[in-house]
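Engineer: Pasted the sequence and its predicted model underneath.
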Amino acid sequence: MTANLLRTPVHVVYGGADRYSADTPRKLGDIALKTLHAYAPNFADFARAIGLPGNEKLPTDPDCITKLDRQIGRSQTKAREEQFTAWYAWTVYRKSIAKLEQNPVEDFRIDFEDGYGFRPDEEEDIDAIRAASELASAFKNETITPFCGFRIKSLAPETRKRGLRTLELFLTSFVDNCGETFPENFVVTLPKITDKKQVRDLCDRLKKFEKKNKLSAGSIGVELMIETPQAIFDRSGNIALRSLVDAAKGRCTSAHFGAFDYTSALGIVSTQQHLDHPSCDLARQLMLANLAPLGIRLSDSVTTRLPVTINRKGRLTKTQHRENHDSIYDGLGEHFANVTRSMQNGFYQSWDLHPNQLPARFAAVYAFFIEAADSMSHRLNENFALSTKATLTGNAFDDAASAEGMLNFFRKGLGCGAFDGKEIKKMIAFSADELSSFSFAELAQLHVQKEKGGIAAARSEFKTLKFEIRNLRSETKP
């Protein structure tokens, strides 16, 4: 039996500590919705903005879009069967809007590092205490994001003192406001790691803090930033990733890849720094192979082109409006493509830096799973049928590995929120709990039991029907 599937965040929003408040996540969602309504007010425009596959087949005339919107809304089942491209775009758009309205931020990292910069000690002290108090307010008001935490400065010699001071001030302020309980999925993010000693140092301090403040052991998790060559390979040339996790002594829940710090450290010039650089692919695959089997949640890096307007002052000309429109669309399209590529590479979480990236984020997640859901469910159900037939006839069924990959598709889709329990049940005839708790071999056996139960019930019903017909005939005889 496998471990139960847990809901996993599809992103992490990094925001400067000086700007954080308890209502920041809601504000970010509102900004994203405002931008979306201004630049992509319907499903067809949104599909074009993000570069959704098939968007070129959608209408451009506003009246035609409105008419098609109403048709799909009246009968989604019919639209899915007869107009899949339009239904697909419509569904991705509607799900993205609903997500922004209900839960726009799943994971937030209050940032005292790159997103905050270097400031006078007095100023960072004040922000550490204030930001912790704001997070505590969100926790007490039950408006806190499902995953949360803060990023300190590196424990390298030049920033170590400042990083540790912020760590102590933030945690102490939070405890002062909330007592002996910390939020679930709370982490301290450690950036620019160059040695496992830095991880061990942080974790030792967290252990002492928990004991001193009567917190449950392990209440404070650790998140590792993999953004230096030394975090990938140690001085002996061995892969360092697992040793970093071991140094965390069970506290490490996730590892984030920092593409731009990493490529910069390798000497790659800025014009060639991008997420799909071959050096980034190597680092990600090493992270995937070494850390994913340990249950460490992996997060990919950031899209630096932001979907923002470039002309904001005064009365804008038509040319300036067009430039704003293109800037928004280019930013949304690039982020959509980057998020999609991350998921193709096995990274189902990555960074968002601006609220206008949120629509493309959620659209990419929904599109990734919805587009292939029909074909994957058909293939998986065929595999279950073949497995059942093989079991019932005594033949071997040796394609369990590929079927397990299909199960991963639905598990990840469920974990990322692209599917809910009802949709899972409808597509593959298993509940969300069954999907998340059993391997393919176990589900195949369960399928066999259900089939046998169905056959037995059908036989019983047939016998009952024959008995009733026989009685009816005897009663009607002259």
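Structural biologist: Thanks, I have the structure now. Numbers count the residues shown, from 1 in each chain.

Engineer: From here on, just use CA atoms for contacts and neighbour counts.
Structural biologist: OK.

Engineer: Show me the shaky parts of the stretch 1-150 of the chain.
Structural biologist: Of all residues in the stretch 1-150 of the chain, those with pLDDT under 70 make up the ranges 1-6.

Engineer: can we see that at 90?
Structural biologist: 1-7 (pLDDT under 90).

Engineer: Now do the strands in it.
Structural biologist: With DSSP state E, counting those that start in this stretch as the definition, the stretch 1-150 of the chain shows strands at residue ranges 11-16, 107-111, 147-151.

Engineer: CA-only coordinates of the longest one, as PDB, when you get a sec.
Structural biologist: To tie it back to what came earlier, the one meant is strand 11-16. As requested, the backbone C-alpha atoms of strand 11-16 are provided in PDB (Å, rounded to 0.1, in the frame of the first residue of the first chain):
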ATOM      1  CA  HIS A  11       3.300  27.300  -7.000                       C
ATOM      2  CA  VAL A  12       5.100  29.400  -4.400                       C
ATOM      3  CA  VAL A  13       4.700  33.200  -4.400                       C
ATOM      4  CA  TYR A  14       7.800  35.100  -3.200                       C
ATOM      5  CA  GLY A  15       7.100  38.500  -1.900                       C
ATOM      6  CA  GLY A  16       9.300  41.100  -0.100                       C
END
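
Engineer: need the strands of the stretch 1-150 of the chain in a markdown table with distance to Thr77 and mean neighbour count, can you?
Structural biologist: Written out in a markdown table, the entries for those read as follows (distance: least, C-alpha to C-alpha, whole Å; neighbours: other C-alpha atoms under 10 Å):
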| stretch | distance to Thr77 | mean neighbour count |
| --- | --- | --- |
| strand 11-16 | 30 | 23 |
| strand 107-111 | 33 | 24 |
| strand 147-151 | 35 | 24 |
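
Engineer: Throw those into JSON lines and include distance to Gln230, thanks.
Structural biologist: Converted to JSON lines, those look like this (distance: least, C-alpha to C-alpha, whole Å):
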{"stretch": "strand 11-16", "distance to Gln230": "24"}
{"stretch": "strand 107-111", "distance to Gln230": "23"}
{"stretch": "strand 147-151", "distance to Gln230": "20"}
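
Engineer: so which of the ones you listed gets nearest Ser96?
Structural biologist: strand 11-16 (13.9 Å; C-alpha to C-alpha).

Engineer: and that closest one, how far from the chain's centre?
Structural biologist: When C-alpha coordinates are averaged (C-alpha atoms, centre = their mean, to the nearest Å), strand 11-16 and its chain have centres 13 Å apart.

Engineer: Sheet partners, orientation included, of that strand?
Structural biologist: strand 107-111 (parallel), strand 349-352 (parallel) (DSSP bridges).

Engineer: now the longest one, how far from the centre of its chain.
Structural biologist: In other words, strand 107-111. Between the centre of strand 107-111 and the centre of its chain there are 14 Å (C-alpha atoms, centre = their mean).

Engineer: likewise stretch 308-324?
Structural biologist: Centroid separation between stretch 308-324 and its chain, computed with C-alpha atoms, centre = their mean, is 33 Å.

Engineer: What is the end-to-end distance of it?
Structural biologist: Taking C-alpha to C-alpha, to the nearest Å, the span from the opening residue of stretch 308-324 to its closing residue is 7 Å.

Engineer: And the contacts of it?
Structural biologist: Outside stretch 308-324, the residues that touch it by C-alpha atoms under 8 Å, 6 or more residues apart in numbering are His325, Ser327, Ile328, Gly331, Asn356.

Engineer: And those residues, which is closest to Phe260?
Structural biologist: Sorting the contacts of stretch 308-324 by how near they are to Phe260, with C-alpha to C-alpha, puts Gly331 at the top with 17.8 Å.

Engineer: What strand or helix carries that closest one?
Structural biologist: Taking DSSP states H and E as the definition, one finds Gly331 inside helix 318-344.

Engineer: Go through that helix and flag the buried ones.
Structural biologist: Neighbour-count burial for helix 318-344, counted by 16 or more other C-alpha atoms under 10 Å, picks out 321, 324-343.

Engineer: Could you tell me the angle between that helix and strand 11-16?
Structural biologist: Between the direction of helix 318-344 and that of strand 11-16, the angle (axes from the mean of the first three to the mean of the last three C-alpha atoms, to 10 degrees) works out to 130 degrees.

Engineer: from the chain's centre, how far out does helix 318-344 sit?
Structural biologist: Offset of helix 318-344 from its chain centre (C-alpha atoms, centre = their mean): 20 Å.

Engineer: how about stretch 190-204 as PDB, C-alpha atoms only?
Structural biologist: C-alpha atoms of stretch 190-204 as PDB (Å, rounded to 0.1, in the frame of the first residue of the first chain):
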ATOM      1  CA  LEU A 190      17.600  28.500   3.200                       C
ATOM      2  CA  PRO A 191      19.100  30.100   0.100                       C
ATOM      3  CA  LYS A 192      22.400  29.800  -1.700                       C
ATOM      4  CA  ILE A 193      23.600  26.600   0.100                       C
ATOM      5  CA  THR A 194      27.200  25.800  -0.500                       C
ATOM      6  CA  ASP A 195      27.800  23.200   2.300                       C
ATOM      7  CA  LYS A 196      25.700  20.800   4.300                       C
ATOM      8  CA  LYS A 197      27.100  22.400   7.400                       C
ATOM      9  CA  GLN A 198      24.800  25.400   6.700                       C
ATOM     10  CA  VAL A 199      21.800  23.100   6.700                       C
ATOM     11  CA  ARG A 200      22.900  21.300   9.900                       C
ATOM     12  CA  ASP A 201      23.400  24.700  11.600                       C
ATOM     13  CA  LEU A 202      20.000  25.900  10.700                       C
ATOM     14  CA  CYS A 203      18.300  22.700  11.900                       C
ATOM     15  CA  ASP A 204      20.200  22.600  15.200                       C
END
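
Engineer: what's the offset of that stretch from the middle of its chain?
Structural biologist: So, by C-alpha atoms, centre = their mean, the centroid of stretch 190-204 is 25 Å from its chain's centroid.

Engineer: got a list of contacts for it?
Structural biologist: When contacts are defined by C-alpha under 8 Å, 6+ apart, stretch 190-204 is touched by residues 151-156, 222-231, 234, 243-244, 247-249, 251.

Engineer: Can you tell me which of those residues are buried?
Structural biologist: Burial by neighbour count, judged by 16+ other C-alpha under 10 Å, picks out 151-155, 222-231, 234, 243-244, 247-248, 251 from the contacts of stretch 190-204.

Engineer: Show the contacting residues for Ala47.
Structural biologist: If you count contacts by C-alpha under 8 Å, 6+ apart, Ala47 has them with Pro53, Asn55, Ala89, Tyr93.

Engineer: any chance of these in a markdown table, with neighbour count too?
Structural biologist: Putting these into a markdown table (neighbours: other C-alpha atoms under 10 Å) gives the following:
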| residue | neighbour count |
| --- | --- |
| Pro53 | 14 |
| Asn55 | 20 |
| Ala89 | 26 |
| Tyr93 | 26 |
